[in-house]
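Student: Okay, predicted coordinates and the sequence, questions at the end:
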Amino acid sequence: MLALDHIREDLEQNFALRAPAQIILLSAQYTKKIRNEHGKLLLAWGVKRHMRIGILTGGGDCPGLNAVIRAVVRRSVSNYGSEVVGFLEGWRGPIENMVMPLTLQSTGGLIQRGGTILRTSRTNPFKFERGPERIMDSMKANRLDALVAIGGEDTCGVAHKMNQQHNLNVVCVPKTIDNDLNATDFTFGFDTAVNIVMEAIDRLHTTAESHNRVLVCEVMGRHAGWIACYGGIAGGADHILVPERAIDLTDVVESIKKRHARGKDYSIVVVAEGAKLQEQEALKDQQLDSFGHVRLGGIGETLAKLIEKHTGYETRAIVLGHIQRGGSPTAFDRVLATRFGVAAADLVHEKKFGRMVSLQGNLIKDVSVAAGVDSLKTLDMDLYKVAEVFFG
């Protein structure tokens, strides 16, 4: 019989055990079977195999994604002796079995980096032939015990369906610059987007004042006006328009005229892309993504023309667009993303699947994924009332 040290070394080489194998029960009559029949008898006769975990980033990118990846890998490898692999391009990764290894070395130094090293896509597996089954096949082919899905309502919604309908062991991390996921006070990426909007408005003030112009700044926010409201308040906007309340053009025009009557010959109007004029739908083109969302845009330009028509003041529109998604995350988002990643890794190793990490007050909690995606978290209108104090 081989010495136990040699058996341990052999098992580590053959079965890629990153931490030292814990041999609980072993005797000469089972040694050959363990070496020949691999994982099944390894587990049956007491060799503890640490977890293999997959991770993906889905939907729109935002600052903080890489910080979550870094935290999941560090916690899983250093504290649990587990292995982590990344699926590329969101849910397309497990559908097509596109994977890359994630190590301490490959994920080091990511906390300040925007975007996602795993890349992303708006892929709905339920629109693909055998999409969910192919995901489960990839999990099995890569010997994965669980998946960490980082994303917003669509990515987490798919994760919930996969967990309920296909028994996928999944833990979710809430990500969206729109801050519209339920069951968490804030999502990472939101604070960075708000700071970008604030800085843009700061710059618009000086040029608007120099030219006596009204400037309409269109920001992101399909169904929720969190970015518009937070960014508008922080930037000192003179009027803020959100999807939760139809735009009253007369009110906007009178507000701007009131400012001019006080000697303020310029104004900044912030409008969320999903805001609607009274009696109209949100402006959009007709392209749909795989989750059925219409691409929005154009409300800023339309509003600028209407303001100029009804006031006579020169008015221009600015669309911030994807600038709000790019660049390095703020300190708040770096810390929140790191806390989320560590908590998600803990949930996986505690085998608490079908859960989503959540910020409640200043504490990291876990809730059911269903609680996060069952409905959208729209703007707190008490906050909007604070913004209204400064209109006009």
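Tutor: Structure received. Note that the structure is predicted; figures quoted are calculated from it, not measured. Numbers count the residues shown, from 1 in each chain.

Student: Please make it C-alpha for all contacts and neighbour counts, starting now.
Tutor: OK.

Student: What ranges does the stretch 51-200 of the chain have for its helices?
Tutor: 65-74, 80, 92-96, 104-107, 131-141, 153-166, 190-211 (DSSP state H, counting those that start in this stretch).

Student: Among these, show me which one is buried the most.
Tutor: Among the helices of the stretch 51-200 of the chain, ranked by average contacts under mean count of other C-alpha atoms under 10 Å, first place goes to helix 65-74 (a mean of 28).

Student: circling back to that earlier point, let me know which of the helices of the stretch 51-200 of the chain is the nearest to V335.
Tutor: Within those, the stretch nearest V335 is helix 65-74; the backing value is 8.4 Å (C-alpha to C-alpha).

Student: pLDDT of that closest one, averaged?
Tutor: The average pLDDT within helix 65-74 is 98.

Student: And for the next helix-or-strand element following it, what's in contact with it?
Tutor: Next in sequence after helix 65-74, counting helices and strands by DSSP states H and E, comes helix 80. Applying C-alpha atoms under 8 Å, 6 or more residues apart in numbering, the external contacts of helix 80 come out as 50, 349.

Student: how much distance is there from helix 80 to the middle of the chain?
Tutor: 25 Å (C-alpha atoms, centre = their mean, to the nearest Å).

Student: Same check on stretch 218-226?
Tutor: 15 Å.

Student: ditto for stretch 181-190
Tutor: With C-alpha atoms, centre = their mean, you get 9 Å for stretch 181-190.

Student: Any buried residues in that stretch, and which?
Tutor: For stretch 181-190, burial by neighbour count (16 or more other C-alpha atoms under 10 Å) applies to 181-184, 186-190.

Student: before we move on, back to that, for G114, find the nearest of the helices of the stretch 51-200 of the chain.
Tutor: Across those, closest to G114 is helix 65-74 (C-alpha to C-alpha), at 6.8 Å.

Student: so which of the helices of the stretch 51-200 of the chain comes closest to Y230?
Tutor: Per C-alpha to C-alpha, nearest to Y230 of the helices of the stretch 51-200 of the chain: helix 190-211, 6.4 Å.

Student: Can you list the strands that the helix or strand just after that closest one pairs with?
Tutor: Using DSSP H and E, the helix or strand that directly follows helix 190-211 along the chain is strand 214-219. Applying DSSP bridges to the sheet, strand 214-219 is found paired with strand 267-272 (parallel), strand 315-319 (parallel).

Student: Identify all contacting residues around the first one.
Tutor: Residues from elsewhere that reach strand 267-272 (C-alpha under 8 Å, 6+ apart): 201, 204-205, 208-209, 213-222, 225, 227-228, 232, 237-243, 256, 259, 299-300.

Student: which residues of the stretch 251-392 of the chain fall in strands?
Tutor: Shown for the stretch 251-392 of the chain, the strands assigned by DSSP state E, counting those that start in this stretch span residues 267-272, 284-288, 294-296, 315-319, 355-360, 363-368.

Student: picking up where we left off before, the buried residues of stretch 181-190: which two are farthest apart?
Tutor: Farthest pair in those, by C-alpha to C-alpha: A183 and G189, 16.3 Å.

Student: Tell me where the model's unsure across this structure.
Tutor: 1-49, 280-297 (pLDDT under 70).

Student: Go ahead and flag the most central residue of it.
Tutor: The structure's the chain has its C-alpha centroid closest to K175; by C-alpha atoms, centre = their mean the separation is 2.0 Å.

Student: That one against D154, yeah?
Tutor: No: using C-alpha atoms under 8 Å, K175 makes no contact with D154, being 10.5 Å away.

Student: thinking again about what came up before, would JSON lines of the strands paired with strand 214-219 with mean neighbour count and distance to S76 be doable?
Tutor: Converted to JSON lines, the strands paired with strand 214-219 look like this (neighbours: other C-alpha atoms under 10 Å; distance: least, C-alpha to C-alpha, whole Å):
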{"stretch": "strand 267-272", "mean neighbour count": "27", "distance to S76": "39"}
{"stretch": "strand 315-319", "mean neighbour count": "19", "distance to S76": "41"}
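
Student: can these go into TSV with extra columns for distance to M381?
Tutor: As requested, these are exported to TSV (distance: least, C-alpha to C-alpha, whole Å):
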stretch	distance to M381
strand 267-272	15
strand 315-319	24
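
Student: and T378, which of those strands is closest to it?
Tutor: strand 267-272 (12.6 Å).

Student: Need the CA coordinates for the closest one. CSV is fine.
Tutor: C-alpha atoms of strand 267-272 as CSV (Å, rounded to 0.1, in the frame of the first residue of the first chain):
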residue,chain,number,x,y,z
SER,A,267,-31.8,76.7,-16.8
ILE,A,268,-30.9,73.1,-16.5
VAL,A,269,-33.6,70.5,-17.0
VAL,A,270,-32.8,66.8,-16.3
VAL,A,271,-35.1,64.2,-17.8
ALA,A,272,-35.0,60.4,-17.5
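
Student: rewinding a little: which one of the strands paired with strand 214-219 lies closest to S82?
Tutor: S82 lies closest to strand 267-272 among the strands paired with strand 214-219, at 43.0 Å (C-alpha to C-alpha).

Student: Could you figure out how far that closest one is turned away from helix 190-211?
Tutor: Computed by axes from the mean of the first three to the mean of the last three C-alpha atoms, to 10 degrees, the angle separating strand 267-272 from helix 190-211 equals 150 degrees.

Student: Good, wrapping up.
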